[in-house]
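A.B. asks: Predicted coordinates and the sequence they were generated for:
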Amino acid sequence: MTDLEIAQSVTSRPILDIGAQLGIRAEELTCYGRDKAKVSPEILARLHTTSKGHYVLVTAINPTPLGEGKTTTSIGLAMGLTRLGHRTALTLRQPSLGPVFGVKGGGTGGGHAQVIPMEEINLHLTGDAHAVAASHNLLSAFVDNHLFHGNRLLIDPQKITWPRTLNVNDRALREIVLGEGTGSRAGQFVITEASEIMAVLALAKDRRDLRERLSRIVVGLTTSGKPVRAEELGCVGAMEVLLKDALKPNLVQTLEGTPAFVHTGPFGNIAHGNCSIISDAIALRCAEFVVTEAGFGSDLGAEKFFNIKCRVSGNSPAVAVVVATLRALKLHGGGGVAKAGVPLPTSLTGPNQEALSKGIANLEQHVANVRAHGVPVVVAVNAFKDDPQDELDWVREQSMKMGAIDAAVSAHWTDGGKGAEQLAVAVAKAVQTPGQFRHLYDVSLPIKKKIETIATTMYGADGVRFEPEAERQIDRAEALGYGNLPVCMAKTPLSLSHDSTLKGRPKGFIVPIKELRILAGAGFVTAVCSGIQLMPGLPKKPAGERISLDATSGKIVGLS
């Protein structure tokens, strides 16, 4: 059966029952049909004296282009913990229409480790992404409208940094010309998941914080070099109105009925890669265990989880799970090439101890990355069909030698929560190990020093090269008072380095920084490595070609 067929074969439980499982009252839910609902953030006032649950982060090694099952592991682990008798909640990002219709497909898991309703979560869900795009583009329209009506704020048209946004991949919109004739200027689109509004929504703690963050957004500079903020354009109230319902987390469920919050969707490679603070806050007050996922490997989503999200929320993880697969480790060991849409070579799917032994260094770096933040590590070896058992056992043994406090082989894709029970036992035991959580850097350090610390410690780089434009932008950011913000790195997820072709645990490389963006509303600066696009493009054979409605039943087909 396909993922979609498996998801459609399950009869979901009423969402009111799922909420009640967490102690959420019916009046605290706004139902969207039978199987999804929004949760009122006001629930936190009622639960503020309730003890918080154990916070479990799921991250991974650098993946193949196919992904290594970090989301399925998160879902499987949550279901496994539930099977062990623990009240558990799952918090995930909402999938983006870009990958859904592009290369990767959906983001609701796979096999018997999925969240449902799969089709609706992968598509519009409750409309949050559209609200983000509308709020973002409203501000874009106000900027150009201000220029048209006299430019009272003396905005320099050539120094406007606020783009427009779209929720699908469209490379033709990366660079555009706005207006016409002498009034024209250069502009661009970014995908909605790279929008600062999405980052703001994910990091806002409540309505007041949301409004304050929207007000702080910098759209450009005046002719005298002063920052122009969204609040000066008079549209923050309207932007907040568009996001009113989007601020409320979405409650759904796994195939086995474990409660799951799916809320906000910043990408892990070009944004901060984590679900909303509000969804985590509610889950932590409602559950004994909260399993959350950070985008891509520890070099991206987890690093930003530790140094951006945890700084804002004040929460820290009790344990982190690092997901690895034999095929990805063999890829990092030179065992073959993986391309999306093309069957993997047998050198990656079959026995290949030589490549596995070389590629294990990639896992070693990711374990070290998590431990650098004082967080205990459990390695999850995500088992695929026909993976050699001796190789699975070998990776587990090596994980313990490199500093993980435990490791388990997980078969959640095939067997759901039952297949993740060994991993769940390891995690339940690991949370009892005291950690000493710490951030990687002090935010008071200069921007360059923070970037260098991330590159050398998390990636293993020899250093960083700042291109002239990035140098100017860093100097400007610090002169404008934004030097004390944490850094969000935008780079490839396919390598520890900035270069997707450098596999394993590369050495002797220099990370190039081509651009620095000020995201004052989100509360960080983004350092963009060379070769990174904030608006992805579609592949030669987009996944959207397979998606349609069945002419007889009217059901969605081809979604994966």
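C.D. replies: Received it, and whenever you're ready, just let me know what you need. Numbers count the residues shown, from 1 in each chain.
A.B. asks: What is the neighbour count of residue 338?
C.D. replies: The number of residues packed near residue 338 is 20, by other Cβ atoms under 10 Å. Bear in mind the C-beta positions are built from the backbone N, C-alpha and C, glycine included.
A.B. asks: what do you get for residue 103?
C.D. replies: Neighbour count of residue 103, defined by other Cβ under 10 Å: 21.
A.B. asks: swap in residue 150?
C.D. replies: For residue 150, the count of nearby residues is 7 (other Cβ under 10 Å).
A.B. asks: Check the spacing between it and residue 143 real quick.
C.D. replies: 14 Å (Cβ to Cβ, to the nearest Å).
A.B. asks: Could you list the low-confidence segments of the stretch 301-450 of the chain?
C.D. replies: When residues are selected by pLDDT under 70, none of them lie in the stretch 301-450 of the chain.
A.B. asks: quick one, strands of it?
C.D. replies: Ranges of strands in the stretch 301-450 of the chain, per DSSP state E, counting those that start in this stretch, are 319-324, 377-382, 406-410.
A.B. asks: need those in a markdown table with mean neighbour count and distance to residue 450, can you?
C.D. replies: Formatted as a markdown table, the strands of the stretch 301-450 of the chain follow (neighbours: other Cβ atoms under 10 Å; distance: least, Cβ to Cβ, whole Å):
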| stretch | mean neighbour count | distance to residue 450 |
| --- | --- | --- |
| strand 319-324 | 28 | 21 |
| strand 377-382 | 28 | 24 |
| strand 406-410 | 24 | 32 |
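A.B. asks: nearest to residue 497, of those?
C.D. replies: strand 319-324 (18.5 Å; Cβ to Cβ).
A.B. asks: how far off strand 377-382 does the closest one point, in degrees?
C.D. replies: 30 degrees (axes from the mean of the first three to the mean of the last three Cα atoms, to 10 degrees).
A.B. asks: Give the partner strands of strand 319-324 in its sheet and their orientations.
C.D. replies: Each strand that pairs with strand 319-324, with its direction, by DSSP bridges: strand 54-60 (parallel), strand 377-382 (parallel).
A.B. asks: Among those, which comes closest to residue 521?
C.D. replies: Smallest distance to residue 521 across the strands paired with strand 319-324 (Cβ to Cβ): 24.8 Å, for strand 54-60.
A.B. asks: So residue 499, which state does it fall into?
C.D. replies: coil (DSSP: H, G, I helix; E, B strand; the rest coil).
A.B. asks: okay, now it: neighbour count?
C.D. replies: With other Cβ under 10 Å as criterion, residue 499 counts 18.
A.B. asks: how close does it get to residue 168?
C.D. replies: 27 Å.
A.B. asks: for residue 414, same thing?
C.D. replies: Counting by Cβ to Cβ, the gap from residue 414 to residue 168 is 33 Å.
A.B. asks: Run through the stretch 51-200 of the chain and note the low-pLDDT ranges.
C.D. replies: By pLDDT under 70, the low-scoring segments of the stretch 51-200 of the chain are 182.
A.B. asks: go again using 50 as the cut-off
C.D. replies: Residue ranges of the stretch 51-200 of the chain with pLDDT under 50: none are present.
A.B. asks: Count the residues that sit near the closest residue to residue 267 other than its chain neighbours.
C.D. replies: In space, and not counting its chain neighbours, residue 267 is closest to residue 193: 4.5 Å by Cβ to Cβ, 6 or more residues apart in numbering. Neighbourhood size, residue 193 [other Cβ under 10 Å]: 30.
A.B. asks: try residue 171
C.D. replies: Residue 171: 12 neighbours (other Cβ under 10 Å).
A.B. asks: of residue 414 and residue 168, who's got more company?
C.D. replies: Shown here are residue 414 and residue 168; by other Cβ under 10 Å, residue 168 has more neighbours (19 against 15).
A.B. asks: Check the secondary structure at the more buried one for me.
C.D. replies: Here residue 168 is recorded as coil under three-state DSSP.
A.B. asks: gap between the most centrally placed residue in the chain and residue 366?
C.D. replies: The chain has residue 273 as the residue nearest its centroid, 2.5 Å off, counting by Cα atoms, centre = their mean. Residue 273 sits 15 Å away from residue 366, going by Cβ to Cβ.
A.B. asks: Tell me the first helix or strand C-terminal of the helix or strand encompassing residue 78.
C.D. replies: Element membership for residue 78 (DSSP states H and E) is helix 70-83. Using DSSP H and E, the helix or strand that follows helix 70-83 in sequence is strand 88-92.
A.B. asks: mind listing what that following strand pairs with, with the direction of each?
C.D. replies: strand 259-262 (parallel), strand 289-293 (parallel).
A.B. asks: Against which helices or strands is the helix ranked longest in the chain packed?
C.D. replies: Ranked by number of residues, the top helix in the chain under DSSP state H is helix 128-148. Contacts defined by 3 or more Cβ pairs under 8 Å, 6 or more residues apart in numbering; DSSP states H and E place helix 128-148 against strand 155-160, strand 164-166, helix 196-203, strand 218-222, helix 236-242.
A.B. asks: In the third one, which residues are buried?
C.D. replies: Of the residues in helix 196-203, those with enough neighbours to count as buried (16 or more other Cβ atoms under 10 Å) are 196-203.
A.B. asks: and the angle for the helix or strand following it with helix 128-148?
C.D. replies: Downstream of helix 196-203, the first helix or strand assigned by DSSP H and E is helix 207-216. With the same axes, to 10 degrees as the basis, helix 207-216 and helix 128-148 are set at 40 degrees to each other.
A.B. asks: Residues touching helix 207-216, excluding its own?
C.D. replies: Contacts with helix 207-216, where a contact means Cβ atoms under 8 Å, 6 or more residues apart in numbering, come from 41, 135, 197, 200-201, 203-204, 229-231, 236-237, 239-240, 243, 247, 520-523.
A.B. asks: Quick check, residue 488 in contact with residue 528.
C.D. replies: No - using Cβ atoms under 8 Å, residue 488 makes no contact with residue 528, being 9.6 Å away.
A.B. asks: residues near the residue nearest to the residue nearest to the centre of the chain when sequence neighbours are not counted, how many?
C.D. replies: Leaving aside its chain neighbours, residue 273 sits nearest to residue 295 (3.0 Å; criterion: Cβ to Cβ, 6+ apart). Residues lying near residue 295 (other Cβ under 10 Å) number 28.
A.B. asks: Per-residue pLDDT of residue 295, please?
C.D. replies: Note for residue 295: predicted pLDDT of 92.
A.B. asks: ok, it to residue 74 distance?
C.D. replies: Residue 295 is 11 Å from residue 74, by Cβ to Cβ.
A.B. asks: gap between residue 41 and residue 24?
C.D. replies: According to Cβ to Cβ, residue 41 and residue 24 sit 12 Å apart.
A.B. asks: before we move on, what about residue 293?
C.D. replies: Taking Cβ to Cβ, one finds residue 293 at 21 Å from residue 24.
A.B. asks: what about the two, which has more around it?
C.D. replies: Using other Cβ under 10 Å, the more surrounded residue of residue 293 and residue 24 is residue 293, with 29 against 23.
A.B. asks: so that one touches residue 67, yeah?
C.D. replies: No - the pair residue 293 / residue 67 is not scored as a contact, 11.9 Å apart, by Cβ under 8 Å.
A.B. asks: Which parts of the stretch 251-400 of the chain are helices?
C.D. replies: 277-286, 303-304, 310-313, 326-332, 346-349, 353-371, 389-401 (DSSP state H, counting those that start in this stretch).
A.B. asks: biggest strand in this structure, by residue count?
C.D. replies: If you go by DSSP state E, the chain has its longest strand at strand 510-519.
A.B. asks: can you pull the contacts of residue 311?
C.D. replies: With Cβ under 8 Å, 6+ apart, residue 311 has these contacts: 439, 443, 486.
A.B. asks: ok, the second one - contacts?
C.D. replies: By that I understand residue 443. 311, 450, 484-486.
A.B. asks: Could you rerun that using 10 Å?
C.D. replies: Residue 443 sits next to 307, 311, 450, 483-487, 523-524 when contact means Cβ atoms under 10 Å, 6 or more residues apart in numbering.
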